[in-house]
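What would the 3D arrangement of this be:
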Amino acid sequence: MDDILSLYKNIKAKRQELGLSQEELAKKVGYRDRTSIAKIETGKVDLSQSKIIEFANILGVTPSCLMGWDETTDKQKTKVKAVKIPVLGRVAAGVPIEMIEDVLDYEEITEDMAKHGEYFALKIQGDSMTPRICNNDVVIVRQQDDADNGDIVIAAINGDDAVCKRLQKYNDGIALISLNPLYDPIYLKKDEIDGKPVRIIGKVVELRGKF
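From the prediction side, this is the model:
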């Protein structure tokens, strides 16, 4: 808890030390306006590891220093390697991720994370996964064709755009479940999975909320 509090306090302190306004820092980090920075500096937003790295690079410190672990401010140490992955607006069954042209933006993941699989990001549309995942949020997805019970997955049905749902497996099929109770689960028998077809494209491993 102390580390998290130090992180928010240090972001504010370094921003002020550099003479940056919240609006200016927001633009550098890629947020729409100062509101996001204000929430971060008051501890109302959880930052992913990659976002902490991004803040550190912009503010000219090491991620460890930003967390309050290391007071070294040598800018050469801030150049932590990151890997860019595309943010897609849609994913369809049968289309290789690398061939999809509907790229909206890019997100960064750590080099270490990238060593453990192939990743893409997907911009969520709609409210079927609220309150946890909201409209316009971005999820980081590891490409894989299967997942465990309870995992949140990206699945394609009938070759249409993929859906983001929680996976539930049964002996005779699966269910793709929305987190929003207003939406009914999608139940699929084994013959429907093969016939439609239904294909798991990847597992959601990280949520990056957007304001």
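
use CA for all of it now, contacts and neighbours both
Will do.

so how far is stretch 116-128 from its chain's centroid?
Stretch 116-128 sits 7 Å away from the centroid of its parent chain (C-alpha atoms, centre = their mean, to the nearest Å).

Start and end of that stretch, how far apart?
29 Å (C-alpha to C-alpha, to the nearest Å).

Roughly how far does Ile152 sit from Lys81?
Distance of Ile152 to Lys81, computed by C-alpha to C-alpha: 28 Å.

if you count what's nearby, which of the two comes out ahead?
Using other C-alpha atoms under 10 Å, the more surrounded residue of Ile152 and Lys81 is Ile152, with 23 against 12.

Now do the nearest residue to the more buried one once chain neighbours are set aside, the pLDDT please.
Using C-alpha to C-alpha, 6 or more residues apart in numbering and skipping residues adjacent in sequence, the residue nearest Ile152 is Arg166, 4.2 Å away. At Arg166, the model reports a pLDDT of 95.

Could you say which helix or strand holds Arg166?
According to DSSP states H and E, Arg166 maps onto strand 163-170.

max-length helix in this structure?
helix 2-17 (DSSP state H).

How far does that helix sit from its chain's centre?
That offset, for helix 2-17, works out to 23 Å (C-alpha atoms, centre = their mean).

can you tell me the average pLDDT over that helix?
79.

now stretch 190-199
86.

Which parts of the protein are strands?
Taking DSSP state E, the strands of the chain run over residues 82-88, 103-110, 119-123, 138-143, 152-157, 163-170, 173-177, 186-189, 198-208.

between those strands, which gets nearest to Lys51?
Proximity to Lys51 (C-alpha to C-alpha) singles out strand 103-110 among the strands of the chain, at 8.1 Å.

out of the strands of the chain, which comes closest to Arg34?
Per C-alpha to C-alpha, nearest to Arg34 of the strands of the chain: strand 198-208, 17.3 Å.

Who are the packing partners of that closest one?
On a contact count with 3 or more C-alpha pairs under 8 Å, 6 or more residues apart in numbering; DSSP states H and E, strand 198-208 meets strand 138-143, strand 152-157.

What are the buried residues along that strand?
If you call a residue buried by 16 or more other C-alpha atoms under 10 Å, then strand 198-208 has these buried ones: 198-204, 207-208.

what's the answer for stretch 149-163, then?
By 16+ other C-alpha under 10 Å, the buried positions in stretch 149-163 come out as 152-157, 159, 162-163.

average model confidence for it?
86.

one step back: possible to save the strands of the chain as CSV with distance to Val45?
Below are the strands of the chain laid out as CSV (distance: least, C-alpha to C-alpha, whole Å):
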stretch, distance to Val45
strand 82-88, 21
strand 103-110, 18
strand 119-123, 19
strand 138-143, 15
strand 152-157, 22
strand 163-170, 23
strand 173-177, 27
strand 186-189, 32
strand 198-208, 10
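
Identify whichever of those strands lies nearest to Ser36.
That would be, of the strands of the chain and by C-alpha to C-alpha, strand 198-208, which comes in at 12.6 Å.

and the residue nearest to Ile152, bridged to which residues?
Ile152, Ile177 (DSSP bridges).

Cross-check the contact I'm expecting between it and Leu179.
Yes - contact criterion C-alpha atoms under 8 Å: Arg166 and Leu179 qualify, at 7.5 Å.

can you list the buried residues of stretch 149-163 in JSON lines and add distance to Asp33?
Shown next, in JSON lines, are those (distance: C-alpha to C-alpha, whole Å):
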{"residue": "Ile152", "distance to Asp33": "30"}
{"residue": "Val153", "distance to Asp33": "31"}
{"residue": "Ile154", "distance to Asp33": "30"}
{"residue": "Ala155", "distance to Asp33": "33"}
{"residue": "Ala156", "distance to Asp33": "34"}
{"residue": "Ile157", "distance to Asp33": "37"}
{"residue": "Gly159", "distance to Asp33": "37"}
{"residue": "Ala162", "distance to Asp33": "30"}
{"residue": "Val163", "distance to Asp33": "29"}
